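Novice: Next comes the sequence, and after it the predicted model I'd like to discuss.
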Amino acid sequence: MSSSSIFRSEQMTLCQLFLQPDTAYASVAELGELAIVQFRDLNPNVNSFQRKFVNELRRCEEMERKIRFLETEIKKEEIPIVDTKENPDAPKPREIIDLEIIIDKLDHDLKQINTNADALRKNFNELTELKFNLAMTQGFFQQVDSTGHGLFDGLDESINDESNRIVSSGMKLGFVSGVITRDRMNAFERMLWRVCRGNVFLKSAEIPQLIEDPTTGEKLHKIVFVVFFQGEQLKTRVQKICEGFRANIYPCPENVNERRELTMGLMTRLEDLNVVINQTEDHRQRILIETSRLIRLWKIKLLKIKSIYFIMNMFNNDIARKCFIAECWIPNLQLDSVRLALRKGSEISGNVQVTTIINEMATEEKPPTYHKLNKFTQGFQNLVDAYGVASYREINPMSFVLITFPFLFAVMFGDAGHGLIVTLFALWMVLKENQLKDKWRNQEVWTIFFGGRYIILLMGIFSIYTGLMYNDVFSKSMNIFGSAWRVKFDDTILLKADSVTLEANPTPYADAPHYVQMYSGNPYAIGLDPIWQISVNKITFTNSIKMKFAIIIGIIQMSFGVFLSLWNHIYFKHYNAIFLEFLPQIIFLASIFFYLIILIFYKWTHYQASQATDAPSLLIHLINMMLMSYPDKDSKNPLSSLTFYNNQRLIQTVLLIIAVLCIPWLLIGKPIYTLIKKKKKANYSQLANETNASNDIELHEQNKGHQEVDMSEVWVEQGIHTIEYFLGCISHTASYLRLWALSLAHAQLSEVLWHMVLYIGLSIGGVGIGGIVMFVVFMPWSTLTIFILLLMEGLSAFLHALRLHWVEFQSKFYKGEGYPFVPFSFQLILDEENSTEN
């Protein structure tokens with residue numbers, strides 16, 4: 001990867017391809033495998049259904065529909081689809097016909113098998129119901145003797161007189177037998193009683209096994225019933241009620257021998273049907289298993305075929321030249337690879353003599369933005385592109401965000417213990433990425449975390465670094481190198497006061513006649529001295545230094561953004577912008593904010609801790625500089641507000657005047673330059689019209705575009721830009737104080753969790769009770785640490801770091817007005833299809 005591709009997008013060329021009809025398909029297929037060409041639609045006004053290859057696309061869609069049907073049948077049988085991880089080439093046009101024949105045959109065969117299997121299963125279920133119907137009605141009839149009395153002996157007194165008369169007289173009864181689902185039985189019985197007015201007798205028994213519903217395939221509980229009645233009128237009513245309740249009515253002979261013969265024939269038919277059904281199911285399983293091995297490859301081939309014809313529909317069909325004309329964007333460094341791919345496509349088509357012609361076109365159209373990325377830089381580029389895709393050949397902030405983003409996150413998140421947990425989590429995702437990339441792909445939160453695994457890894461590593469600088473590990477400090485301070489007061493001093501002051505130099509104390517120096521003179525090797533962990537004024541000290549570091553980091557990053565704009569001006573040869581935009585911006589920034597950094601370092605190097613009350617207040621001095629107000633040296637004014645170096649008033653006045661002059665410089669510089677340039681072009685056009693009157697109309701039209709510059713828009717735009725920049729310098733500098741604020745919040749929350757939760761377990765003595773309490777307390781402490789300090793605080797720091805880059809940093813040089821390079825790539829299409837399926 002060249003340095004230019006790191007900092008800027010790849011140089012692009014608009015090319016025109018002349019493809020022979022015989023070689024177009026294979027050539028586009030090779031370009032799809034290469035994935036470095038973005039085609040343009042040359043038929044934007046043509047309806048999709050009126051394009052040349054619409055019939056081929058319909059055939060592909062029909063094959064896709066049939067493949068979806070086959071896939072549904074495979075999943076219904078819970079047969080795993082074999083993924084061989086193969087990536088077959090796009091089939092040749094003649095192979096498409098063979099593939100279509102195979103898919104059509106499988107679709108037809110499977111539908112026919114399903115139809116036959118449904119019919120056989122339905123017949124089998126009906127015969128099964130008939131078998132149980134005959135068996136149970138046989139039991140009903142065995143209760144009846146030759147006069148018909150035995151069956152009705154158990155009737156209670158609720159049966160009406162007409163029914164009792166029929167039974168007692170021994171009249172011959174008719175009957176209807178059938179099968180009904182159990183959930184409809186009660187309503188069926190009530191309907192019979194009401195419609196027939198109690199002149200029927202019903203016997204029922206539940207079938208001991210579940211019967212499959214041929215429509216839904218659901219296993220149902222069913223009941224065999226026999227309805228006894230007298231007369232054709234009641235028979236008609238009973239049959240209609242059975243039809244209304246979807247009860248299956250089966251014939252049942254009255255003769256015992258006939259019922260026995262029917263039962264024996266029925267058992268033979270059931271055995272034969274069971275054999276046929278098993279053979280049909282085995283045949284269906286073999287077809288589905290064989291299909292499951294190939295369906296993945298068929299889907300890939302169909303996607304490639306469909307995408308090829310979709311791209312070919314963008315081509316212009318030149319009937320006179322008998323060729324297809326395509327236009328596409330190609331990176332300059334990949335032109336040779338494209339030529340080789342097109343030559344290979346011609347060879348595959350068998351047309352070696354005529355190759356595809358590539359014509360590089362000159363255009364003023366803005367090319368797409370293409371950055372060479374890998375799995376490490378992709379996540380950071382996504383952060384930048386979320387703000388806006390870089391304009392063509394504009395500086396890409398990704399190479400700087402790669403370091404500054406995790407660093408600013410760590411400044412706010414600085415805790416070595418929390419950083420270690422984040423690092424281990426990210427390291428697990430990085431080391432196991434091949435196993436994890438296909439898991440939980442339908443979980444959006446997991447997809448976000450996994451996609452940003454390298455961002456999280458760097459954030460964790462930088463958090464460990466800043467945690468060591470803060471000497472903060474789960475809100476505690478580590479004394480690795482030994483503190484530079486020693487407490488040398490005796491017990492009298494220590495017991496007398498709640499707190500004592502440690503001085504770097506010997507200071508006389510009334511109660512300490514043997515006072516000796518407590519500071520070794522050698523500062524702590526790395527980071528903050530652990531003595532500050534037990535100091536009363538820890539927050540006061542850390543707040544002061546973190547606030548100043550936040551201001552320094554912010555000013556340096558903003559200045560770097562302004563210098564990157566200089567790089568853009570030089571590259572695009574906007575030399576006027578160097579003098580009219582960059583210089584006033586950087587001079588204004590230096591006059592006030594660089595000067596503030598110098599004051600911070602001056603205060604650190606020229607004032608000791610013993611002079612803290614007399615040290616200059618930088619905020620007061622900055623306000624005095626803006627108001628040009630300098631208090632006199634008298635007893636009323638504190639020393640912190642007085643000037644503290646020679647010629648301070650003169651220097652600050654000069655810097656303020658320079659900063660004020662930068663405002664009209666930036667405001668009117670560019671509009672005046674545009675106005676002068678406009679007049680020069682108008683004078684040149686007038687001179688050309690006088691010397692060449694014959695081309696008057698043509699020249700007028702040619703220069704008309706240059707004369708349409710609206711100066712009011714230029715003035716308004718530059719005014720907005722000026723106000724935005726100068727006010728932004730102040731607000732953006734203050735915005736960087738969020739680095740201090742979130743760092744303070746994270747440290748205090750961590751300390752609160754330690755003292756209010758984990759400290760309870762640590763403070764109880766004894767191995768038994770203390771260990772049990774520690775075991776109980778550790779769970780809520782670790783849970784709160786992960787969900788509040790790592791997830792919630794981490795997300796907060798992430799969003800604030802993102803805002804600092806988008807608003808405070810990138811606004812100084814980054815326009816983000818481009819559009820992404822989207823190459824024709826089989827791999828991208830397959831990835832999108834897989835994500836859609838998941």
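Specialist: Arrived safely.
Novice: mean confidence for stretch 39-50?
Specialist: Model confidence over stretch 39-50 averages 89 on the pLDDT scale.
Novice: my bad, stretch 780-797
Specialist: If you average the per-residue pLDDT over stretch 780-797, you get 93.
Novice: Specify the beta-bridge partners of residue 519.
Specialist: Assessed by DSSP bridges, residue 519 has beta-bridge partners residue 485.
Novice: what's the burial count for it?
Specialist: For residue 519, the neighbour count with other Cβ atoms under 10 Å is 18. For every residue, glycine as well, the C-beta is placed using N, CA and C.
Novice: give the contact list for the residue lying closest to residue 70 once chain neighbours are set aside.
Specialist: For residue 70, ignoring the flanking residues on the chain, the nearest one in space by Cβ to Cβ, 6 or more residues apart in numbering is residue 291 at 5.5 Å. Going by Cβ atoms under 8 Å, 6 or more residues apart in numbering, residue 291 touches 70, 74, 106.
Novice: In which helix or strand does residue 291 reside?
Specialist: Assignment of secondary structure by DSSP states H and E places residue 291 within helix 256-312.
Novice: so where do the helices sit in the stretch 301-450 of the chain?
Specialist: Taking DSSP state H, counting those that start in this stretch to define them, one finds helices in the stretch 301-450 of the chain at 335-349, 378-387, 398-413, 416-431, 433-436, 444-451.
Novice: among those helices, which is nearest residue 178?
Specialist: Set against residue 178 and scored by Cβ to Cβ, the helices of the stretch 301-450 of the chain come closest in helix 444-451, at 53.7 Å.
Novice: Would you mark the buried spots in the closest one?
Specialist: Going by neighbour count (16 or more other Cβ atoms under 10 Å), the buried part of helix 444-451 is 449-450.
Novice: so what does that helix touch, helix or strand wise?
Specialist: helix 378-387 (3 or more Cβ pairs under 8 Å, 6 or more residues apart in numbering; DSSP states H and E).
Novice: Show me which positions of the helix it packs on end up buried.
Specialist: For helix 378-387, the buried set under the neighbour-count rule, 16+ other Cβ under 10 Å, comprises 379-381, 383-385, 387.
Novice: host element of residue 631?
Specialist: Secondary structure here is read from DSSP H and E; on that basis residue 631 sits in neither a helix nor a strand.
Novice: which SS state does the residue nearest to it when sequence neighbours are not counted fall under?
Specialist: Leaving aside its sequence neighbours, residue 631 sits nearest to residue 637 (Cβ to Cβ, 6+ apart; 4.2 Å). Using DSSP: H, G, I helix; E, B strand; the rest coil as the criterion, the local structure at residue 637 reads coil.
Novice: Now do the phi/psi pair for residue 637.
Specialist: Per-residue torsions, residue 637: phi -100, psi 130 (degrees, to the nearest 10).
Novice: which one of the buried residues of helix 378-387 is nearest residue 482?
Specialist: Within those, the smallest distance to residue 482 is 39.5 Å, found for residue 380 (Cβ to Cβ).
Novice: circling back to that earlier point, save the contacts of residue 291 as TSV, and put in secondary structure, neighbour count and pLDDT too.
Specialist: As requested, the contacts of residue 291 are exported to TSV (DSSP: H, G, I helix; E, B strand; the rest coil; neighbours: other Cβ atoms under 10 Å; pLDDT from 0 to 100):
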residue	secondary structure	neighbour count	pLDDT
70	helix	20	92
74	helix	19	92
106	helix	22	93
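Novice: Of the helices of the stretch 301-450 of the chain, which is nearest residue 267?
Specialist: Going through the helices of the stretch 301-450 of the chain one by one, with Cβ to Cβ as the measure, helix 433-436 comes closest at 55.2 Å.
Novice: What lies in contact with that closest one?
Specialist: By Cβ under 8 Å, 6+ apart, the surrounding residues in contact with helix 433-436 are 375, 429, 450, 453.
Novice: check contacts around the residue nearest to the last one when sequence neighbours are not counted.
Specialist: Counting by Cβ to Cβ, 6+ apart, the nearest residue to residue 453 once its immediate chain neighbours are dropped is residue 429, at 4.0 Å. Taking Cβ under 8 Å, 6+ apart as the definition of contact, the neighbours of residue 429 are 436, 449-450, 453, 456.
Novice: ditto for residue 82
Specialist: By Cβ under 8 Å, 6+ apart, residue 82 lies in contact with 292-293, 296.
Novice: Could you do residue 528 as well?
Specialist: With contacts taken as Cβ under 8 Å, 6+ apart, residue 528 has the following neighbours: 469-472, 477, 542.
Novice: what ranges do the strands span in this structure?
Specialist: If DSSP state E is used as the criterion, the strands of the chain fall at 12-19, 38-40, 174-181, 201-206, 211-212, 219-220, 222-229, 248-250, 316-318, 323-331, 357-361.
Novice: What pairs with the longest one, parallel or antiparallel?
Specialist: If you go by DSSP bridges, strand 323-331 pairs up with strand 12-19 (antiparallel), strand 38-40 (antiparallel), strand 316-318 (antiparallel).
Novice: so which of those strands comes closest to residue 402?
Specialist: Across these, residue 402 has its closest neighbour in strand 12-19 (23.7 Å, Cβ to Cβ).
Novice: now that closest one, how far from the chain's geometric center?
Specialist: When C-alpha coordinates are averaged (Cα atoms, centre = their mean, to the nearest Å), strand 12-19 and its chain have centres 34 Å apart.
Novice: likewise stretch 668-679?
Specialist: 46 Å.
Novice: In the stretch 101-250 of the chain, what residue spans correspond to helices?
Specialist: For the stretch 101-250 of the chain, the helices defined by DSSP H, counting those that start in this stretch cover 161-168, 185-195, 232-244.
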